[in-house]
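# just the structure for this:
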Amino acid sequence: MERTSSIRRKAMARQHKGEVMIAGEQLRLRLHDGKLIKDRRYHLRTYPNCFVAQELIDWLVSHKEAPDRATAACLMQHLMDHDIIHHVCDKRPVFKDAKLLYRFRKDDGTFPFSTEVKIFMRGQQLYEQLIADKNSILQLREEHGVAYRRSFPGCQLIDWLLQNAEAESRRRGLELCRTLQEHGIIQHVAKKHDFFDSGLLYQFCINFRRRRRLSALLNESERDEDEGVAVSTPEDTHPESPFVLRKSQPQEGNSAFQSVESSKDLKQVTSGRRGSLNSLQLHSAGFPPLAQSSSSVVRCNPKSVLRRTFTCEELLAPGAPFLKKVLTVIGDALGWGFVVRGVAPCYVQAVDPGSPAAAAGVKVQQFVCQVNGQCVLYLDYRTVTRLVMTGTRIVVLEVMEPLE
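Here you go, the predicted structure:
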C-alpha cells in the first residue's frame, strides 16, 4: 500500500512538471509571436533569442496572466526552478523584475533532455497520434457503471502500439505503458490498478492541447505541497493554444511563403494545405490528412534563395560569417511551415509567415545542421525532410544563419 502511494506521489510530481513544461512552451511561442523574444545587444555583445525581464512582467500583467508584478515574478521563478528559462549568462538564479536578459532554454539548446523529459515527449507524441487517428481507441467507455471520456482498454493500446510500430512486442508495449503510468501520463480510470494487458480501462492524465494559465500552475504547485494531491483542471480546447489543431484553414493572405525579394516573379500553385517540407503526406507524421481544395493559393519561388552556393567546409571554417542557433518547432495540423532544399548542406528555401516554423525563428537562407540531435549537414533535402516527417511533432533544429 505504501509503495502504491509512493508511486502515485511521484507520478503526481512528474505530472505537475509536465504541466509546467507545456505551459512554458506555450508561453515561449506566444512571446515569439509578440516579438518579445529577439536578438538584443548589451555591452557590445549580441544575445540571441532573449527577453527583458521587466518587459515580460509588463506583458504578463497586461495579458492578465498575473494579477500583479510580484506574482508575475513568482511565476517566472517557477519556470526557472523547472529549467524552462535562465539568465543569459547564468549569473542570476533568482528572476528579478529589472532590465535583465533571460532566455528560454529551448531557444539556446540548453534544455535538459533527461529521461523524464524524453518519456514525457513520447507520451505527448502518442497522445497526438491517438487523437488524430480516424478510428481512435480513445472513446467514451464504461467500467463498473461509470462512463469515462477518451478511455481505452489496456490490451487495445498495446495492440495499437504494435500495429503502428511503436513497440516491438507485447512485452515491450507493456513496459512502455507502465513507464507512462509511473510518470503520470496515463492512469487507470478509477486510479485503482497498475497497467495490465487486459480489458481494464485507462486514460491520459494530461490533456496536452489544453491552454495553460501560468497563475493556475502556481496555485496548483502550492496546493500540491500543502495537500500532497494533484489538482485536475477541466479540458479547454482554446483555439489560441499551440497544442490545439487548427479548426479553420488559414486565410489566403497568410498562405504566402516568405522569400528573399518580393519583387521577383512568383509562380502560383494551387494547394489545399501548407506546402511545407515538400509533398510528403503529413499523415505519416501522425497528422490527419487534409482534403485538397482549389480555394487557397500558395505562392512559391522555384529559384534558390541563396545569393551563392556554400560548401560544408565553408560553413565549418573558423571565423565563418555564420551564427549558430537552436530552434524548436512544434508542428500543427498543417505541418511545420517551412521548405528545405539543397544538397550537403541543405537550406531553408521558404517559410510560411503564420506557421510554427516562423514562430520558432526559422528563416530563409538558414542552413540546417542538425535535426533532433542528428547531424544532417552532409545529407540532401529529401533525407532531411524524411527525418522531420517521420519524427515527433516537436522538431529541434540546429541552423546556421548568415551574418548580415
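# against Pro321, how distant is the closest residue to Cys346 other than its chain neighbours?
Nearest residue to Cys346, sequence neighbours excluded (Cβ to Cβ, 6 or more residues apart in numbering): Tyr381, at 4.2 Å. Just so you know, the C-beta spots here come from the backbone N, C-alpha and C atoms, and that holds for glycine as well. As judged by Cβ to Cβ, to the nearest Å, Tyr381 and Pro321 stand 23 Å apart.
# those two - which one has more neighbours?
Taking other Cβ atoms under 10 Å, Tyr381 and Pro321 do not tie; Tyr381 has more neighbours (22 against 12).
# for the stretch 1-150 of the chain, which spans come out with low pLDDT?
The stretch 1-150 of the chain contains residues with pLDDT under 70 at 1-11, 15.
# which residues of it fall in helices?
Listed in chain order, the helices of the stretch 1-150 of the chain (DSSP state H, counting those that start in this stretch) span 2-33, 53-62, 69-81, 115-132.
# which parts of the stretch 251-400 of the chain are strands?
Along the stretch 251-400 of the chain, the stretches classed as strands by DSSP state E, counting those that start in this stretch are 267-270, 297-300, 322-330, 338-341, 347-351, 367-371, 374-375, 394-402.
# re earlier: ok, now which ones touch the residue nearest to Cys346?
By Cβ atoms under 8 Å, 6 or more residues apart in numbering, Tyr381 lies in contact with 278, 340-343, 346.
# go on, Gln374?
Gln374 touches Leu387, counting by Cβ under 8 Å, 6+ apart.
# nearest to Gly24 among the contacts of Tyr381?
Proximity of the contacts of Tyr381 to Gly24 (Cβ to Cβ) peaks at Val340, which lies at 27.7 Å.
# ok, the closest one - contacts?
By Cβ under 8 Å, 6+ apart, the residues touching Val340 are 277, 346-349, 368, 381, 384-385.
# repeat the analysis, applying 10 Å as the threshold.
276-278, 346-350, 362, 366-368, 371, 376, 380-382, 384-385, 388, 397 (Cβ atoms under 10 Å, 6 or more residues apart in numbering).
# show me the beta-bridge partners of it.
Counting by DSSP bridges, Val340 is bridged to Val348.
# ok, it to Leu377 distance?
Going from Val340 to Leu377 by Cβ to Cβ gives 12 Å.
# need the overlap of contacts for the two.
With Cβ under 10 Å, 6+ apart as the test, Val340 and Leu377 both reach 346, 367-368, 384.
# for those, work out which two are farthest apart.
Phe367 and Val384 (10.9 Å).
# common neighbours of the two, please.
Here Phe367 and Val384 share the contacting residues 340, 342, 345-346, 376-377, scored by Cβ under 10 Å, 6+ apart.
# wait, which of these is closest to Pro402?
Pro345 (12.2 Å).
# and the nearest residue to the closest one once chain neighbours are set aside, how many neighbours?
Among residues not flanking Pro345 along the chain, Phe367 sits closest, at 4.7 Å (Cβ to Cβ, 6+ apart). Phe367 has 24 neighbours, counted by other Cβ under 10 Å.
# hey, what's Phe367 bridged with?
Going by DSSP bridges, Phe367 forms beta bridges with Tyr347, Met400.
# could you pull up the residues touching Ser304?
Going by Cβ under 10 Å, 6+ apart, Ser304 touches 260, 341-342, 347, 349, 365.
# and Glu143, by the same measure?
Glu143 touches 151, 153, 188-190, 192, 199-202, counting by Cβ under 10 Å, 6+ apart.
# now with 6 Å?
By Cβ atoms under 6 Å, 6 or more residues apart in numbering, Glu143 lies in contact with 189, 201.
# same question, Leu36
Phe51.
# how does it look with 7 Å?
When contacts are counted by Cβ atoms under 7 Å, 6 or more residues apart in numbering, Leu36 is found next to 51, 55-56, 59.
# how about Val343?
By Cβ under 7 Å, 6+ apart, Val343 lies in contact with 380-381.
# go again using 6 Å as the cut-off
With contact set as Cβ under 6 Å, 6+ apart, Val343 has these partners: Asp380.
# and the gap between it and Thr383?
For Val343, the distance to Thr383 (Cβ to Cβ) stands at 9 Å.
# still on that earlier bit, among the strands of the stretch 251-400 of the chain, which is nearest Ala216?
strand 322-330 (21.2 Å).
# let me know the closest of the shared contacts of Val340 and Leu377 to Asp68.
Nearest member of the shared contacts of Val340 and Leu377 to Asp68, counting by Cβ to Cβ, is Val368, at 43.2 Å.
# now the helices of the stretch 1-150 of the chain as TSV including distance to Lys99?
Below are the helices of the stretch 1-150 of the chain laid out as TSV (distance: least, Cβ to Cβ, whole Å):
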stretch	distance to Lys99
helix 2-33	17
helix 53-62	5
helix 69-81	14
helix 115-132	31
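# thank you, goodbye.
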